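S.K.: how would this look folded up:
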Amino acid sequence: MRLSHLSVVALLAPTVGAALWLSLASPSWAFAPQAGDQAPPANPAPLADPLADPVADPAAARAFAEFLEAFRKHPFMEGTSSVKIELAEGDAAGVADEVEARLLLGTIDDTRRARVSLRDFEVWLGDGHLSALHKSNGEAYYRISDDESPFYVLFTAFMDLPFPDLALVFGEPDPTETVMQLHPRTPDVVPVAVTNATVDGAERRTIEFKAPGQSFSLVFDPVRNLPISAVATISSGPLVPAGTAMRYVHTFTYTIPETAPAASELVFEPGQKQRVDLLAALPKAPPPPPPGEDGRPQSPLVGSPVPDLTMPLLEGGTVKLGELRGKVIVLDFWATWCGPCRAAMPALHEVAAAFRDEQAPVSIYTINVSEKENELEKRRALINDFWSGNKYTLPVALDLDGEANTRFQIAGIPTTVIVRSDGIVHSVHVGFRREALEKGIRDAIASLEAPPAGDDTAGETK
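M.R.: The predicted structure follows:
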């Protein structure tokens with residue numbers, strides 16, 4: 001299920017115009033718990049009445065307060081926290097790529113210190129400030145006062161921070177306020193139930209929190225007082241279309257090391273770096289790719305695996321690009337309304353025929369994009385009229401939802417992508433030049449035919 005209506009969500013992105021880090025357009029997901037751990041429910045039961053206010057349970061509230069107090073008493077710990085976002089409708093679901101945070105916690109001079117890694121950011125907390133570096137920039141740092149609330153300054157710096165364990169560490173002293181901070185999408189929940197279970201001989205305790213249209217489930221080890229997993233479910237609100245549910249599925253892996261972390265790991269030292277005023281100013285833009293042989297900028301796809309897309313074909317069936325191996329693959333992006341595309345099509349067929357006559361290991365597909373008809377049968381009818389009217393024979397893949405256009409970063413058409421027989425993009429050509437296409441194909445064939453240097457078996461016959 002492609003979640004195009006929620007294709008970009010502002011999560012874990014530094015504020016003030018930084019790039020967004022999560023999109024809800026990934027394949028399906030299945031949770032695989034570690035041995036001895038209790039998996040969060042794959043399909044949490046919906047609220048019996050999503051409009052009714054749940055009643056807080058004193059036993060559940062007390063259990064959470066006791067866990068929170070014990071968790072915060074750990075003098076030091078280290079671990080990881082990961083989250084996947086799932087949007088489900090019935091049995092169909094789409095999820096975002098997993099995002100992981102790492103945390104190192106210790107105490108220096110009776111002051112709690114922490115170092116948090118979020119994607120390419122490294123963040124230090126605990127000395128009255130939030131300090132940060134970015135992997136792409138070794139020349140600058142960011143620093144701001146935490147106003148005696150490390151969690152809120154972290155939350156403000158990174159929008160919609162979906163890591164409940166950071167609230168457990170840095171949240172407010174009052175457990176009822178920490179409950180509000182557990183997840184940015186479930187601020188209204190209250191504790192409604194606590195249950196105990198034994199999984200593979202290990203004790204597990206689950207606290208359920210609910211509010212109208214929101215629920216949060218926290219599973220932890222009551223002996224070690226460390227979190228194991230959590231699921232936040234949102235069934236109403238502006239981000240959730242009717243009939244669907246958004247779930248944030250969290251897993252935690254925390255340990256208590258035998259020795260405390262070194263102070264140098266928890267104390268921020270800017271050195272000779274220059275301070276910047278905005279967190280969003282830390283990441284440096286990547287350098288532009290080197291120009292291709294024609295002097296034009298080279299596509300960032302070059303050298304990367306071909307995007308693994310499945311598209312319907314004009315004559316029926318589908319093609320899965322990630323499975324096309326053993327031949328050089330040429331993908332020509334075009335549209336019926338594109339004059340240069342139409343002009344190039346006869347030459348493209350001639351190139352295909354020439355390589356076929358040579359019995360060269362080459363297959364050419366045309367990828368039809370950006371048409372007004374996005375319904376499969378209507379698109380097939382439109383393209384079939386054009387294709388059969390011109391007596392064209394090359395296979396046509398249909399990009400109905402624009403995903404191929406996006407994944408291949410198509411800036412203009414016609415664009416031709418040449419993929420080596422091992423599935424790695426060899427070159428990208430914007431516009432159509434027959435000589436450049438033929439040379440690109442031959443270069444792609446030769447790139448995997450040449451034996452490695454010093455290979456004495458290249459001429460052997462087996």
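S.K.: where does the protein dip in pLDDT?
M.R.: Along the chain, the model assigns pLDDT under 70 to residues 1-52, 89-97, 159-161, 238-239, 285-298, 448-462.
S.K.: in it, which helix is the longest?
M.R.: Longest helix in the chain by number of residues (criterion: DSSP state H): helix 339-357.
S.K.: which elements pack onto it?
M.R.: Contacts defined by 3 or more C-beta pairs under 8 Å, 6 or more residues apart in numbering; DSSP states H and E place helix 339-357 against strand 328-334, strand 362-368, helix 434-449. All C-beta atoms are positioned from the backbone trio N, CA, C, and that covers glycine.
S.K.: other residues contacting that helix?
M.R.: Helix 339-357 is contacted from outside by 330, 332, 334-336, 362, 364, 366, 390, 392-394, 413-414, 431-432, 434, 437-438, 441, using C-beta atoms under 8 Å, 6 or more residues apart in numbering.
S.K.: do the same with stretch 61-69
M.R.: Against stretch 61-69 from outside (C-beta under 8 Å, 6+ apart): 168, 175-176, 178-179, 190-191, 194, 205, 207, 218, 220, 222, 225.
S.K.: stretch 154-166 too?
M.R.: 9-15, 79, 81, 83, 85, 101, 103, 116, 118, 121, 123, 125, 130, 132, 144, 151, 170, 181-185, 216, 218, 227, 230, 232, 248, 250, 252, 254, 279.
S.K.: my read is that residue 247 contacts residue 230, right?
M.R.: No: look at residue 247 against residue 230 with C-beta atoms under 8 Å: they stay out of range, at 10.6 Å.
S.K.: about what we covered before: in helices, which of the contacts of stretch 154-166 appear?
M.R.: 151, 170, 181.
S.K.: overlap in contacts, residue 247 and residue 230.
M.R.: Common contact partners of residue 247 and residue 230 (C-beta under 8 Å, 6+ apart): none.
S.K.: can you pull the contacts of the nearest residue to residue 118 once chain neighbours are set aside?
M.R.: In this structure, residue 118 finds its nearest non-sequential neighbour in residue 101, 5.1 Å apart by C-beta to C-beta, 6 or more residues apart in numbering. Residues in contact with residue 101 (C-beta under 8 Å, 6+ apart) are 80-82, 116-118, 163, 166.
S.K.: let's see that with 10 Å instead.
M.R.: Residues in contact with residue 101 (C-beta atoms under 10 Å, 6 or more residues apart in numbering) are 12, 79-83, 116-119, 121, 123, 158, 161-163, 165-166.
S.K.: in strands, which of these fall?
M.R.: If you go by DSSP state E, the contacts of residue 101 have 79-83, 116-118, 121, 123 in strands.
S.K.: which of those count as buried?
M.R.: 79, 81, 83, 116, 118, 121, 123 (16 or more other C-beta atoms under 10 Å).
S.K.: now those as CSV including distance to residue 70?
M.R.: Conversion of these to CSV gives the following (distance: C-beta to C-beta, whole Å):
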residue, distance to residue 70
79, 16
81, 18
83, 24
116, 21
118, 26
121, 29
123, 25
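S.K.: now for these, which pair is the farthest apart?
M.R.: 79 and 121 (17.6 Å; C-beta to C-beta).
S.K.: start and end of stretch 86-106, how far apart?
M.R.: Taking C-alpha to C-alpha, to the nearest Å as the measure, stretch 86-106 stretches 33 Å from start to finish.
S.K.: distance check, residue 224 against residue 105.
M.R.: Residue 224 sits 14 Å away from residue 105, going by C-beta to C-beta, to the nearest Å.
S.K.: compare those two (neighbour count), which wins?
M.R.: With neighbours defined as other C-beta atoms under 10 Å, residue 224 and residue 105 compare such that residue 105 has more, 25 against 17.
S.K.: what's the helix or strand for that one?
M.R.: strand 99-108 (DSSP states H and E).
S.K.: sheet partners, orientation included, of that strand?
M.R.: Partner strands and pairing direction for strand 99-108 (DSSP bridges) are strand 77-89 (antiparallel), strand 111-118 (antiparallel).
S.K.: tell me the buried residues in it?
M.R.: Neighbour counts over strand 99-108 (16+ other C-beta under 10 Å) mark 99, 101, 103-107 as buried.
S.K.: residue 386: which of those residues is nearest?
M.R.: Residue 386 lies nearest to residue 99 out of those, by C-beta to C-beta, at 43.2 Å.
S.K.: distance of the closest one from residue 105?
M.R.: Distance from residue 99 to residue 105, by C-beta to C-beta: 20 Å.
S.K.: how about TSV for the ones in strands among the contacts of residue 101, with distance to residue 57 added?
M.R.: Output for those, formatted as TSV (distance: C-beta to C-beta, whole Å):
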residue	distance to residue 57
79	29
80	31
81	26
82	29
83	26
116	32
117	36
118	34
121	38
123	35
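S.K.: residue 256 reaches residue 77, doesn't it?
M.R.: Yes: using C-beta atoms under 10 Å as the test, residue 256 is close enough to residue 77 to be in contact (5.4 Å).
S.K.: overlap in contacts, these two.
M.R.: Common contacts of residue 256 and residue 77 (C-beta under 10 Å, 6+ apart): 105, 224, 226.
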